[in-house]
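**Student:** this one's sequence-less:
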Ligand SMILES: Nc1ncnc2c1ncn2[C@@H]1O[C@H](COP(=O)(O)OP(=O)(O)O)[C@@H](O)[C@H]1O
Ligand SMILES: [Mg+2]
């Protein structure tokens, strides 16, 4: 493993532990009300917000929502992209043309406005976000996986498996699948990063799920309730910094596996 | 005779990770004005590395020792600036694989005139006229339209001639041609050979001709050096080497020519990263003696002939 | 024209797909379609609703409604906002007058900054500045653009009072306009520059494995000339494609930045429409943004063909 990847993994592990057991780390219950607008101090390390909620505790509980949305959307997108890519690369011919043409079309759709409209119609909720993200963000994975599948299917072991008479779907599942993991993985990490940024953006304009306070929702509340104008930096900085660090951890893991980024100084 | 280039005890190794690849080992040769020196040997024996070392084109992860004296100055000691001033003007190099040496996005004319623009104060117009003149001299009927084409519109053979034009447009004193005929079809090879014969006659430059095609070396070269696994194993006048071959490896190469029945040398050359005692060639040698596996043979000098083989030492 | 039939059909279907989405959404969503069409908080009398139902053709079968919808779009009729009491197309036009220059300038600055930085970082990867540029770019692209805007606003405007806190009015002159836009443009263009830097760096690294940079060096070009006269041109091809595909994200990012800086562009329009559930505006925005993305992709195709002769000659 390279240094950026190790750094990213450590940071990510810290966030994951927080997300799994927020109760052990959070100093307070996130819904207990204290004196509103308290600046950071010994009672509340990161102060309180307008409702008197402890911001550090909110932040720790928020990691669960943000990470869950990020992972779930990215996994869904990776799955859709993987299936499209594998089918297109394996079947070739008309099916490939059709699927890749469709991919090229979806690639150009501005899906953040689509998410916004759907969230407005259906009401805010993380599941809608996950579904729409999965439905639109799979294109890059599909393209990469297709070209890899084209490469693999011409290689020796797939040819020999076919000669031994294994059925097509069996070869696809058994032989191609595992080979694709190492190219799908970095892409999936980058998708988590992108999903988290998108979720934070959509939440920012008030379309986040208010019953599940993600970091984006926290930022949105801070902004609409005038944290900026009143100089309450402890209210809007922590969730934003948390998003940025977490996204960067995913990006470092993803990029350091990508050949084109080429983190190594010497080849 | 006027010595243009003297290569003395040149060694080159590449460091990648914790592996050291000794690609060129203790190579010495020299070239005089108007001479063509051929370096022959199987693929991977370090010929291109020598060419790149002379032109200063090796990547950063290389360790180079020895001397490369060009007209009395050591190119390995030269500053980047002085080297840049020499490259393309006094030292021309033709790289392996002409189609990839040309940038696909620029016209042929643009790429041929680049050395003129960087080395002389000529305007673009005059440089372009120089390109046209050079191409006409090379036998192109319509140099102007040729110069407006892109590399992908021409065949490999044509592109090779464009590369030759680029490398010789400023009449260099030393021309290094790395596998100029590899990958070309027969008619193109004939064209390229004619080109080199013309250059030899008209330009009087010294030339290093790198090739694994013995016939080409025999047709063009005055002197020839045979390389095996990073070392020169035999060197001398071209005629002498072909008529009175001393090293078993050279004999093997000559035996591999079509007129001699295409008998290849058995086995493959050892990886450059592996060092072992004795002659580098002994695992594949048919005339191997016990000493060949123990002692690395010296390069023996006999007048103008050099050979690195225990067989000849015992004579 | 060098844009192939495949690419034209791709643009056509992309547009068609977006139109279908914005046609079907209000009709398929739960609730009264008429409410879905005019927005929830718009106060419209019952009589008008009956009239509207007729006018929008909601009683007709879906295919006929779709035809009517297409005809309307062809006449730039994107519906009527009952919240803002104006036709959607004219409202969007008015707001675009801010958003297009904003995003356009930011993209240009982002390219001017990001491309050379990425090129240098890719060429000399071990330099401290290159490593700094790489990690800096990753860090910058990890923060949501609107969060960067919040920080910039709080530090530069709130603490130091260098820039205005509130948005620009439409009637203000050019000087206040620039004053209000400096900070948003700085934020958006650094996000774009960071992404371009990363893409360019990777692309340059790939090009350095080609042969033409080495040959350019052999002609006597300096390292910098090889980079900026050869590699950058070839390496910018993937960048052009990527920037065009990114335009959707750049526009969306710009929307959020506009909200933070309360600039009266498409972003504020969307934000207000979200708050007041003004569906016609949201759908119109979606359509307009999709059309902008398609137009940029067509422009990118044209630029790509201008740079790459291989595409241009394909016919
Ligand atoms: N940049 C490099 N890094 C590591 N090894 C190299 C490099 N360039 C060449 N080599 C090694 O040097 C040896 C000689 O290569 P080369 O001179 O290209 O052979 P050839 O005689 O076919 O031209 C090869 O074994 C190759 O692996
Ligand atoms: Mg070679």
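**Tutor:** All right, it came through fine. Quick caveat, the model's predicted, so the values are computed rather than measured. Residues are numbered from 1 along each chain as shown, chains lettered A, B, ... in the order given. Ligands and ions are numbered 1, 2, ... in the order given.

**Student:** which element is residue B:31 on?
**Tutor:** Assessed by DSSP states H and E, residue B:31 sits inside strand B:19-32.

**Student:** which parts of that strand are buried?
**Tutor:** Residues B:21, B:22, B:23, B:24, B:25, B:26, B:27, B:28, B:29, B:30, B:31 are the ones in strand B:19-32 that count as buried (16 or more other CB atoms under 10 Å in any protein chain shown). Backbone N, C-alpha and C define where each C-beta goes, glycine included.

**Student:** what packs against the lowest-mean-pLDDT helix or strand in chain C?
**Tutor:** Least confident element among the helices and strands of chain C, by mean pLDDT, DSSP states H and E: helix C:33-38 (a mean of 74). Where contact means 3 or more CB pairs under 8 Å, 6 or more residues apart in numbering or on different chains; DSSP states H and E, helix C:33-38 is packed against helix C:5-28, helix C:46-55, helix C:279-307.

**Student:** the first one vs helix C:279-307, what angle?
**Tutor:** Helix C:5-28 runs at 170 degrees relative to helix C:279-307, counting by axes from the mean of the first three to the mean of the last three CA atoms, to 10 degrees.

**Student:** does helix C:5-28 reach chain A?
**Tutor:** Yes - Helix C:5-28 is in contact with chain A by CB under 8 Å from any CB of the partner chain, via C:6, C:9, C:10, C:11, C:13, C:14, C:17, C:18, C:21, C:22, C:25, C:26.

**Student:** can you pick out the most distant pair from those residues?
**Tutor:** C:6 and C:26 (32.4 Å; CB to CB).

**Student:** closest to the centroid, which residue in chain C?
**Tutor:** residue C:251 (2.7 Å; CA atoms, centre = their mean).

**Student:** the strand or helix carrying residue B:192 packs against which elements?
**Tutor:** Using DSSP H and E, residue B:192 sits within helix B:186-203. Judged by 3+ CB pairs under 8 Å, 6+ apart, the packing partners of helix B:186-203 are helix B:156-168, strand B:174-178, strand B:206-211, helix B:214-220.

**Student:** out of the ones you listed, flag the one nearest chain C.
**Tutor:** Taking CB to the nearest CB, helix B:156-168 is the member of the helices and strands packed on helix B:186-203 nearest to chain C, at 6.6 Å.

**Student:** what angle sits between that closest one and strand B:174-178?
**Tutor:** Put simply, helix B:156-168 runs at 160 degrees to strand B:174-178, going by the same axes, to 10 degrees.

**Student:** near chain C, anything from helix B:156-168?
**Tutor:** Yes - counting by CB under 8 Å from any CB, chain C is contacted by helix B:156-168 at B:163, B:166, B:167.

**Student:** using JSON lines, please lay out these together with neighbour count and pLDDT.
**Tutor:** Listed next are the residues of helix B:156-168 next to chain C as JSON lines, based on neighbours: other CB atoms under 10 Å in any protein chain shown; pLDDT from 0 to 100:
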{"residue": "B:163", "neighbour count": "27", "pLDDT": "94"}
{"residue": "B:166", "neighbour count": "28", "pLDDT": "94"}
{"residue": "B:167", "neighbour count": "25", "pLDDT": "94"}
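
**Student:** list just the nearest of those residues to residue B:97.
**Tutor:** Scanning those for proximity to residue B:97, where the rule is CB to CB, the winner is residue B:163, at 9.6 Å.

**Student:** how about the helices in chain B?
**Tutor:** B:47-55, B:80-86, B:98-101, B:108-119, B:124-137, B:143-147, B:156-168, B:186-203, B:214-220, B:238-243, B:248-255, B:310-314 (DSSP state H).

**Student:** residue A:204 is nearest to which of those helices?
**Tutor:** helix B:98-101 (49.3 Å).

**Student:** now for the closest one, which elements pack on it?
**Tutor:** So helix B:98-101, by 3+ CB pairs under 8 Å, 6+ apart, packs with helix B:156-168, helix C:212-218.

**Student:** residues in contact with that helix: which ones?
**Tutor:** B:94-95, B:151, B:156, B:159-160, B:162-163, C:210-212, C:214-215 (CB atoms under 8 Å, 6 or more residues apart in numbering or on different chains).

**Student:** what's the lowest-pLDDT member of those?
**Tutor:** pLDDT across the contacts of helix B:98-101 is lowest for residue B:156, at 86.

**Student:** any idea how many residues pack against that residue?
**Tutor:** Residues lying near residue B:156 (other CB atoms under 10 Å in any protein chain shown) number 17.

**Student:** leaving out chain neighbours, which residue sits closest to whatever residue of the stretch 201-315 of chain B ends up closest to chain A?
**Tutor:** Here the residue of the stretch 201-315 of chain B nearest chain A is residue B:273; by CB to the nearest CB that distance is 16.0 Å. Sequence neighbours aside, residue B:21 is the residue nearest to residue B:273 in space, at 4.9 Å (criterion: CB to CB, 6 or more residues apart in numbering or on different chains).

**Student:** just residue C:191 next, same as before
**Tutor:** Nearest to residue C:191 is residue C:145, by CB to CB, 6+ apart, at 5.0 Å.

**Student:** grab the nearest non-local neighbour of the residue of the stretch 51-200 of chain A found nearest chain B.
**Tutor:** When scored by CB to the nearest CB, the stretch 51-200 of chain A has residue A:182 as its residue closest to chain B, at 20.6 Å. Leaving aside its chain neighbours, residue A:182 sits nearest to residue A:257 (7.5 Å; criterion: CB to CB, 6+ apart).
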